[in-house]
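**Student:** What shape does this take:
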Amino acid sequence: MTYRVILIILLTVCTSLEASAQTSQREYALKAGLMYYFALYSNQTTNQNTNNYIICSSSKSFVEIATQTLLQKKIEQRDVEVRYLQSLLENNTSCHIIFFSDEKSYTQYQTTLNNKPRSTLLIGEASNFINAGGHIKFIHIGGKIRFEINPEQLEISGIKISSKVIRLGKVKVRNKS
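**Tutor:** As a prediction, this is how the structure comes out:
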């Protein structure tokens, strides 16, 4: 009898872990798709000399899923490449978009900038991302992935994004305090 209970508990735990992994895979695939559309409807002034449109992240799992999701996609006649950065301290100047899966990676990135704005689209998930100078933050509302967007910070960074995209997101203004 106790073996059956243990077996049922183990099966339940394994099933929930598998469902959780699938959920995070679907979530990362959706976020990669949203990044693709952000890129399509934005105009960045730098990084035009690269052969590919490059999306960078220090999250291995995001890079793996985004690579599959964005396979054979193009932006401005350039192939989309998803690149893994072991550390955001390494050279990330060729990145058009950088995705930050946690607050630590964004803080690390900010230390490399020395307060110089670049026209790299910064997208993150950390709770304080917009207030810390990020451009777009993914949020969960009603079980769906939505986004907050900071048009002020985009303008400071020299990134123009379609007003249609801005209207789809929750417009958030950075706290000045």
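**Student:** ranges for the helices of the protein?
**Tutor:** With DSSP state H, the ranges of helices along the chain come out as 2-40, 60-69, 103-113, 151-156, 163-168.
**Student:** Next, the buried residues of the second one.
**Tutor:** Spelled out, it's helix 60-69. For helix 60-69, a neighbour-count test (16 or more other C-beta atoms under 10 Å) marks Phe62, Val63, Ile65, Ala66, Thr67, Thr69 as buried. C-beta: built from backbone N, CA, C; applies to glycine.
**Student:** wouldn't the second one be in contact with Val82 here?
**Tutor:** Yes: using C-beta atoms under 8 Å, Val63 and Val82 qualify as a contacting pair, with a distance of 5.3 Å.
**Student:** Identify the contacts common to these two.
**Tutor:** Ser57 (C-beta atoms under 8 Å, 6 or more residues apart in numbering).
**Student:** so what pLDDT did the residue nearest in space to the middle of the chain get?
**Tutor:** Centroid-nearest residue in the chain: Phe99, 3.4 Å away (criterion: C-alpha atoms, centre = their mean). For Phe99, the model assigns a pLDDT of 94.
**Student:** Check Leu113 too.
**Tutor:** Looking at Leu113, its pLDDT stands at 65.
**Student:** Touching stretch 98-107 from outside, list them.
**Tutor:** For stretch 98-107, using C-beta under 8 Å, 6+ apart, the contacting residues are 31, 35, 55-59, 62, 66, 88, 92, 109, 120-129, 132, 134.
**Student:** Okay, Asn150 and Thr111: tell me how far apart.
**Tutor:** Applying C-beta to C-beta, to the nearest Å, one obtains 20 Å for the distance of Asn150 from Thr111.
**Student:** which one of the two has more residues nearby?
**Tutor:** Asn150 (24 against 9; other C-beta atoms under 10 Å).
**Student:** Spit out the contact partners of Ile149.
**Tutor:** Contacts of Ile149 (C-beta under 8 Å, 6+ apart): His135, Ile136, Lys137, Ile161, Val165, Ile166, Gly169, Lys170, Val171, Lys172.
**Student:** what bridges to the nearest residue to Gly169 once chain neighbours are set aside?
**Tutor:** Excluding the flanking residues, the one nearest Gly169 by C-beta to C-beta, 6 or more residues apart in numbering is Ile149, at 3.9 Å. Beta-bridge partners for Ile149, by DSSP bridges, are Ile136, Val171.
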